[in-house]
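Asker: Next come a sequence and a model predicted from it.
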Protein chains: 2
Amino acid sequence: MPVTLRQVAALAGVSPVVVSRVLHNKALSIHVADQTAERVRQAAKELGYRRNVTAVNFRAKQTMAIGMLHGMGSAIVPLEGGTKYLASLMDGVIGGAFSNGYSVLLCPQLLGNTPVDAVSDGRCDGLILFNVELVQENMDMLSRCTLPIVLLHTPACAFGQSFPSVVCDNEQGIGLAMAHLLEMGHKRIAFIHDEPDDLRPTLNPPTPSELLEASPQRIRSRSYELSTRGSAFLENARHLHLGLDSSDVIHIRQIDRLFDSDYTAALCFHDGVAGLVYDHAAERNVRIPADLSVVGFDSTSFCDGLRPPLTSVFQPLKAMGEKAAEILVSIIREEPNELNEVVFPCGFHIRQSVARL
Amino acid sequence: MPVTLRQVAALAGVSPVVVSRVLHNKALSIHVADQTAERVRQAAKELGYRRNVTAVNFRAKQTMAIGMLHGMGSAIVPLEGGTKYLASLMDGVIGGAFSNGYSVLLCPQLLGNTPVDAVSDGRCDGLILFNVELVQENMDMLSRCTLPIVLLHTPACAFGQSFPSVVCDNEQGIGLAMAHLLEMGHKRIAFIHDEPDDLRPTLNPPTPSELLEASPQRIRSRSYELSTRGSAFLENARHLHLGLDSSDVIHIRQIDRLFDSDYTAALCFHDGVAGLVYDHAAERNVRIPADLSVVGFDSTSFCDGLRPPLTSVFQPLKAMGEKAAEILVSIIREEPNELNEVVFPCGFHIRQSVARL
DNA sequence: GTGAAAGCGCTAACAG
DNA sequence: CTGTTAGCGCTTTCAC
């Protein structure tokens, strides 16, 4: 049986309130006599008193935990995912939460049993959403959610500006990659992604087209296109979109199209896609970067493990996770906060997967 | 203001107790009239009642969360660590926890402010310990901890059998690797690790030697030695321990010793060490596996990213994490449980980093 | 079948 | 400066 305030109070010969004040009250407005305070502290120590956090939270109607919902899509996203993308974000989120006294609750799926409490069942004070599939069902649940929410890696417009969001500047990132490739003498550059080009057909309002435009893939793809159009270098260049399907057969066939073309560089939607290109390049004896230059997106430590190490657009994932946690905490604390969307600029990490032509 | 039981009761014209019974009481011993129950459910739905989890937990003196303490050592272990080792374990822990109704609280560091509540400040019902540095200070804190604890990736003897533990069978794993290397014709096999060969000097009782013997590195190293001795193939073979230091200079020098020797294979303490060997091999134009075969330990997806893909001893990390969570939950529930140490056998994943001689 | 009472541990608000 | 009162939302106990 844990020691309670009451017991400490009894031993110190004061009321529980005084003990609370001495031990927990940060507000210095109310003063306790030094002598009394000392007696209380002594008693607490003697009894090995430890504050009951659950009771405090119950009374304060809080949990001091933020939930990281990383799988409100078709599949649960494992932390051990291909390129450590989520793991990197998580490290940031943990940092941002802990430095504010909050802990992080992992939610690989929805909590609760009924649709009503699926999103928030009272286990946390706020949610960071990662990888929420943009289907009507999820949108509905979130619109009914009373908890503060921050989107991570999803633009605010995907949810009709209902929630603040933290994203990287995809357009600028793609711009960096294109600039580098151009400077290295490439003119025929393919953009490769691994997701179907449109979102789920179940999607209703908010307008599907708006959502479609909001997906990172679309943004990067569009930026790529704009780059090719805008650049004098590429005036007469063609460009190729290769969508990789989840089926391995199609995979290979489509990547083969790339290898059989005269493209000199592949700009990949993310590092994982680049990894696939590497795999098939090895099988086809296509040398990277001699035969084909490759650029990734995200630049997690995954890139260092590849041979040759993958040149990649860098997302400050840790900083983004941290920021998301901080924003969420500030909303929970009801601090004045006009933030809508925080956009982190990307960097560019040059490794060894791009050849100079 | 969230709706409470009281309000539902008022609307349904019953007492709060009845509402609680209808909505939450799984024990069917007490029956509520069907008609009343229906009225209650109706009222709850109408008001959008949602059970206050914090209140339930407060009353039940529980949190329904287990803490994953992954950094009670010298450094905080990032989820985005080199070989996704922790991330894989985490995925297992999350699975084991959620399937039992528990959520997972990430603790990259000690909770609480004072040494007394450093380990457990009431935020969770039990702890899974990963990577606890075996120094006296930590041992003391844990011995004072009143929370159920399960060790993950640390043998029980490291804490004097005080806590149940989940580990892999390091000896058997090394045996698999050695058997494979021997079968592939290798006779001069080096064992490479990246940690200092002894534990912190601050270590007091339990006996340092016992602890030393308990470290995974020492176990694997010893297994390696036994393999070399026991095998007829290796009768006249030498073997080489290379300790890689954290300093990059020494690093390179020591790996150079390997490259300059006549060893044909390197058995690495873990995949990350193998990654370092790969790096320096590239610099020195040592071809893997033509000039040097390499075997790793853990076989996370990190191995697939290397070129050539790294043959590695497989640890069932996800299963181990899951088991740790399950054991912890069963202890929390005070179920009869005589488990002391659960040892998972290793597998062996043959990829492309070992040549036949 | 149903309800009244009591209390989990803590702290805000007020009274002395 | 200190203490009394009251209540957070829920559920167990026991009486009706």
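Answerer: Received it, and whenever you're ready, just let me know what you need. Numbers count the residues shown, from 1 in each chain, chains lettered A, B, ... in the order given.
Asker: For chain A, which residue gets nearest to DNA strand D?
Answerer: Chain A approaches DNA strand D most closely through residue A:31 (2.9 Å), counting by Cβ to the nearest atom of the strand. (C-beta placed from N, C-alpha, C; glycine too.)
Asker: pretty sure that residue is in a strand, no?
Answerer: No. Read with DSSP: H, G, I helix; E, B strand; the rest coil, residue A:31 is coil and lies in no strand.
Asker: Number of residues surrounding it?
Answerer: Counted with other Cβ atoms under 10 Å in any protein chain shown, residues neighbouring residue A:31 total 8.
Asker: How about residue A:356?
Answerer: Applying other Cβ under 10 Å, we find 9 residues neighbouring residue A:356.
Asker: Now tell me what touches the helix or strand that contains residue A:327 from outside.
Answerer: Take DSSP states H and E as the rule and residue A:327 turns out to sit in helix A:317-332. Helix A:317-332 is contacted by residues A:66, A:85, A:88-97, A:100, A:102, A:104, A:125-128, A:148-153, A:164, A:166-168, A:298, A:300, A:337, A:339, A:342, A:344, B:80 when judged by Cβ atoms under 8 Å, 6 or more residues apart in numbering or on different chains.
Asker: Which ones among the residues you listed map onto strands?
Answerer: If you go by DSSP state E, the contacts of helix A:317-332 have A:66, A:104, A:126-128, A:149-152, A:166-168, A:298, A:342, A:344 in strands.
Asker: Chain A - how does it break down into domains?
Answerer: Domain ranges of chain A: A:5-51, A:65-168+A:317-344, A:170-314, per automatic domain parsing.
Asker: Save these as TSV, and put in mean pLDDT too.
Answerer: Formatted as TSV, the domains of chain A follow (pLDDT from 0 to 100):
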stretch	mean pLDDT
domain A:5-51	88
domain A:65-168+A:317-344	84
domain A:170-314	75
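Asker: most tightly surrounded among the ones you listed?
Answerer: Each of these was assessed for mean neighbour count using mean count of other Cβ atoms under 10 Å in any protein chain shown. The highest is domain A:65-168+A:317-344, with a mean of 20.
Asker: Show me what from the stretch 151-300 of chain A comes close to chain B.
Answerer: The stretch 151-300 of chain A comes close to chain B at residues A:275, A:278, A:282, A:300, as judged by Cβ under 8 Å from any Cβ of the partner chain.
Asker: Show me which pair in these is furthest apart.
Answerer: Farthest apart among those by Cβ to Cβ are A:282 and A:300. That separation is 20.9 Å.
Asker: picking up where we left off before, which ones among the residues of the stretch 151-300 of chain A next to chain B map onto strands?
Answerer: Residues from these lying in strands, with DSSP E as the criterion: none.
Asker: Please export the alpha-carbon coordinates of stretch A:22-40; PDB is fine.
Answerer: Output in PDB follows, covering the C-alpha atoms of stretch A:22-40 (Å, rounded to 0.1, in the frame of the first residue of the first chain):
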ATOM      1  CA  VAL A  22       5.000  22.000   0.700                       C
ATOM      2  CA  LEU A  23       5.600  19.100  -1.600                       C
ATOM      3  CA  HIS A  24       3.800  19.900  -4.800                       C
ATOM      4  CA  ASN A  25       2.700  23.500  -4.900                       C
ATOM      5  CA  LYS A  26       5.000  25.400  -7.300                       C
ATOM      6  CA  ALA A  27       3.000  28.600  -6.800                       C
ATOM      7  CA  LEU A  28       4.900  30.500  -4.200                       C
ATOM      8  CA  SER A  29       2.000  32.800  -3.500                       C
ATOM      9  CA  ILE A  30       1.100  30.800  -0.500                       C
ATOM     10  CA  HIS A  31       3.800  30.500   2.100                       C
ATOM     11  CA  VAL A  32       4.200  27.800   4.600                       C
ATOM     12  CA  ALA A  33       6.300  28.400   7.700                       C
ATOM     13  CA  ASP A  34       9.800  27.100   7.200                       C
ATOM     14  CA  GLN A  35       9.700  25.000  10.300                       C
ATOM     15  CA  THR A  36       6.400  23.300   9.300                       C
ATOM     16  CA  ALA A  37       7.700  22.700   5.800                       C
ATOM     17  CA  GLU A  38      10.800  21.100   7.100                       C
ATOM     18  CA  ARG A  39       8.700  18.800   9.400                       C
ATOM     19  CA  VAL A  40       6.600  17.800   6.400                       C
END
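Asker: So that stretch, near chain B or not?
Answerer: No. Counting by Cβ under 8 Å from any Cβ, chain B is not contacted by stretch A:22-40; separation bottoms out at 10.9 Å.
Asker: Name the residue closest to the centre of chain A, please.
Answerer: Closest to where the C-alpha atoms of chain A average out (Cα atoms, centre = their mean) is residue A:152, at 4.3 Å.
Asker: shouldn't it be in contact with residue A:132?
Answerer: No. Counting by Cβ atoms under 8 Å, residue A:152 stays clear of residue A:132, with 9.7 Å between them.
Asker: Now do the contacts for residue A:143.
Answerer: residue A:162.
Asker: same thing with the one 10 residues further on?
Answerer: Under the criterion of Cβ under 8 Å, 6+ apart, the contact list for residue A:153 reads A:89, A:130, A:131, A:166, A:167, A:168, A:216, A:320.
Asker: Can you tell me the SS state at the residue of the stretch 101-250 of chain A found nearest chain B?
Answerer: Proximity of the stretch 101-250 of chain A to chain B (Cβ to the nearest Cβ) peaks at residue A:122, 3.7 Å away. Here residue A:122 takes the coil state, with states given by three-state DSSP.
Asker: For DNA strand C, see how far away residue A:54 is.
Answerer: 8 Å (Cβ to the nearest atom of the strand, to the nearest Å).
Asker: my guess is that residue contacts residue B:61, does it?
Answerer: Yes. Between residue A:54 and residue B:61 there is a contact under Cβ under 8 Å: 7.1 Å.
Asker: Neighbour count for the two, which is higher?
Answerer: residue A:54 (20 against 13).
Asker: and the residue in the stretch 201-350 of chain A positioned nearest to chain B, what is it in contact with?
Answerer: Relative to chain B, the nearest point of the stretch 201-350 of chain A is residue A:307 (3.7 Å; Cβ to the nearest Cβ). Residue A:307 sits next to B:278, B:282, B:306, B:307 when contact means Cβ under 8 Å, 6+ apart.
Asker: Can you name the two of those that sit furthest apart?
Answerer: Greatest spatial distance among the contacts of residue A:307 (Cβ to Cβ): B:282 and B:306, at 10.8 Å.
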